[in-house]
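A.B. asks: predicted structure and sequence below. I'll ask about it afterward.
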Amino acid sequence: MSRIDVNKTYKLFIGGAFPRSESGRVYEVKGVNKKFIANPALASRKDLRDSVVAAKSAFPGWSSATAFNRGQVLYRIAEIMQGRSEQFIDEICALEGLSTKAAKSQVEEAIDTWVWYSGWCDKLSSISGSLNQVSGPFYNFTSPEPLGIVAVFAENKPSLLGAVRTIAPVISGGNTVVLVASENYPLPAITLSEVLATSDLPAGVVNVLTGKTSELAPWIASHMEIDGVDVAGLSKKEEEELKLLGAENLKRVFRFKNANSPERILSFMEQKTIWHPIGM
Amino acid sequence: MSNFEYANAPESKTIAKISQSYDLFIGGKFVKPKKGKSFNTVNPATEEVLAKIAYADKLDIDLAVSSARSAYTKVWSKLPAKERGKYLYRIARILQERAREFAVVETLDNGKPIRESRDTDIPLATAHFFYHAGWADKLEFAGVGNNPKSLGVVGQIIPWNFPLLMLAWKIAPALATGNTVVLKPAETTPLTALLFAEVCQQAGLPDGVVNIITGDGITGAALVNHPDINKIAFTGSTEVGKAIARSISSTKKSATLELGGKAANIVFEDAAIDEAVEGIVNGIFFNQGHVCCAGSRLLLQENVMDEVLEKLKKRMSLIRVGDPMDKNTDLGAINSSEQLKRIKDLASAGDSEGANRWSPECKLPSKGYWFAPTIFTGVSQSHRIAREEIFGPVLSVLTFRTPIEAIEKANNTMYGLSAGIWSDKGSKILWAAKQLKAGVIWSNTFNKFDPASPFGGYKESGWGREGGRHGLAAYLESDAKVNK
């Protein structure tokens, strides 16, 4: 008799731990052949709140880490992902129905995305800050600072790259994140959590929820401790509803084109201008 | 100590030629409002009516937006950037030439001391045009994308606290980046915007590039909701800012919002106290405290509290309150009866919640809207006067023991526009500046503004920056975002 595989239980990733949903809910994920693959957690409003608490407590440490240190952690994520490539490829093939070659190319692009944003961490104020020539005896300069807690909705497809493309720029700027994974293809995002958990990334910097995007979106929209949202995985209508509710704390809400850009980082940063007199 | 008596030093009003009535400025001409409605603008220092102002409603806004659209597509977007810049230089020069006239009209319409309109508002407004004129043909070097493109027609709504200066903050970057504008000045201070319309005519600015429509909040809302506007730029209250954010949530319009503030002004024990006292006074009593970034929460380290308060009270008793047209006046009139009521209501809340009110003895004129410079001591963080924006000459004093406590208290607000730090220790200043969640940090100074210096808030103080290289991005299409 052939050996029976040991299947993985796919759970949430909150504050560096892997809990089930407090609600006890799960939903069924099937592969391209309609075969059962897993029962990931169907995250609840309470799970979202717990994620925000974790992101909030991780923010002071992560935002004040040196940019060089953040860059090293992001690079480390790429290193660990490289070693896990096969697992990501298998999951993507099973879920998205891609050829091995196409899945491999998605994984490689995801890894390279980490490397690209890793290199940005310590160059942001060089390209977006300024020393301002004011008319008076003042030293006046502007530099970017992280916004705070950013919720990101990954696109359904590409399942892994969509998650990485939304998380990497946001944490490279020093924010902490709540990711809502691809609803139909959530498994690579959960495996990504395992990579994050073993990449020197402090607990709570990235938190991963799986479940129904349409259920989580209004709660994220009205959560007063969430400062920004990347709506990549939302429909136009869901984006509009999120903006309407998000106005209550003036959330910064953006949808980006797919190409990598420093603007994806800087959109979730605030520019601070400091004045000081010059004199004896 | 008895104060020196100052002789009156009134600025002459004759330079200000205010017409009896003003129409809307649309398509390069002054036109009557379609429904013929109007409202009065008054001098808040005397309650005299200064002029009758046209009231724009939806039909007028349609006309203004279509004139801005046609100016955009037919003229302004086709003009070489270099030539666009020259128009802005012309405007800057004409404003400089007519500076005294603008200062007088501003003071009459707004109630601010002539010293401030003459030395701050008008020079800074002209500087904004001069600064942005130079950007017009250099946008590809501004780090705002490889191929900077204008947005189209911008709807702009400005407040009454710095009427011409806010107009300059809005119009100068919008035109420099190649957009056309429909601007609505505040209901109580429309005059310098209408005078600015004449400047556009004198500069030969193509018709429809700048349109000025006057009215109230309903006019503003109609402008925000007009379907042919590409972008909203608003300065005003957080409440209205949120309403704008809601009303554009299902549109393709982008927005910059410069909203309220409740800035902490932190005095550490090692501060130069005399300088700090000057900074506290400037922070809260500049422009009658009608300043979104006013230092309205004074945080004093406990061991210097007595010394600071004693010197502050002494300094406050030297503040000259009265005729804004007098060149010696420090504190002018409150801009409107409505605003005066709001200040009085919040000050009463300070009394009833248990804070201690103090004002120097000062005679207030019998006509007009006035409020004496006021401080509240014994204020706790939960008091309304520590949480809500008063937008008047009222300072709430709180204390702290450790620098960390100072930062916690300073950041304990939904706002994040500005903050002040007073200390003689460089490393402490830079530490505190890093901790404070605010867009503008003044260390050992306060209420300084410059066109080259980006201005704007964290948290519920708004979206985006105005001024500097950063302010340009708000008026240009983004390379990386999905806007349309």
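C.D. replies: Now that the structure is in, tell me what you want to look at.
A.B. asks: tally of neighbours for the spatially closest residue to residue B:207 that is not a sequence neighbour?
C.D. replies: Residue nearest to residue B:207 in three dimensions, not counting chain neighbours: residue B:28, with 2.9 Å by Cβ to Cβ, 6 or more residues apart in numbering or on different chains. In this view, the C-beta of every residue, glycine as well, is placed from N, C-alpha and C. Look at residue B:28: counted by other Cβ atoms under 10 Å in any protein chain shown, it has 19 neighbours.
A.B. asks: residues of the stretch 351-484 of chain B that sit close to chain A?
C.D. replies: The stretch 351-484 of chain B comes close to chain A at residues B:414, B:429, B:433, B:438-445, B:448, B:450, B:452-456, B:458-460, B:462-463, B:465, B:468-470, B:478-482, as judged by Cβ under 8 Å from any Cβ of the partner chain.
A.B. asks: which ones among those residues map onto strands?
C.D. replies: B:440, B:441, B:442, B:443, B:462, B:463 (DSSP state E).
A.B. asks: bridge partners for the fifth one, pull those for me.
C.D. replies: With DSSP bridges applied, residue B:462 shows beta-bridge pairing to residue B:258.
A.B. asks: what helix or strand does residue 274 sit in?
C.D. replies: Since no chain was named, I'll use chain A. If you go by DSSP states H and E, residue A:274 is part of strand A:269-277.
A.B. asks: meant chain B actually
C.D. replies: Using DSSP H and E, residue B:274 falls in helix B:273-285.
A.B. asks: can you pull up the most central residue in the chain?
C.D. replies: Defaulting to chain A. Nearest to the geometric centre of chain A sits residue A:167, at 2.5 Å (Cα atoms, centre = their mean).
A.B. asks: sorry, I should have been clearer: chain B.
C.D. replies: residue B:162 (4.5 Å).
A.B. asks: ok, now how distant is that residue from chain A?
C.D. replies: 17 Å (Cβ to the nearest Cβ, to the nearest Å).
A.B. asks: please name the nearest non-neighbouring residue to that residue.
C.D. replies: Nearest to residue B:162 is residue B:121, by Cβ to Cβ, 6+ apart, at 5.7 Å.
A.B. asks: what's the helix or strand harbouring residue B:345 packed up against?
C.D. replies: Element membership for residue B:345, per DSSP H and E: helix B:337-352. If you count contacts as 3 or more Cβ pairs under 8 Å, 6 or more residues apart in numbering or on different chains; DSSP states H and E, helix B:337-352 packs onto strand B:356-358, strand B:374-377, helix B:384-387, strand B:394-400.
A.B. asks: I'd like these as JSON lines, with mean neighbour count and mean pLDDT appended.
C.D. replies: As requested, the helices and strands packed on helix B:337-352 are exported to JSON lines (neighbours: other Cβ atoms under 10 Å in any protein chain shown; pLDDT from 0 to 100):
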{"stretch": "strand B:356-358", "mean neighbour count": "14", "mean pLDDT": "98"}
{"stretch": "strand B:374-377", "mean neighbour count": "22", "mean pLDDT": "98"}
{"stretch": "helix B:384-387", "mean neighbour count": "20", "mean pLDDT": "98"}
{"stretch": "strand B:394-400", "mean neighbour count": "24", "mean pLDDT": "98"}
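A.B. asks: thanks a lot, catch you later.
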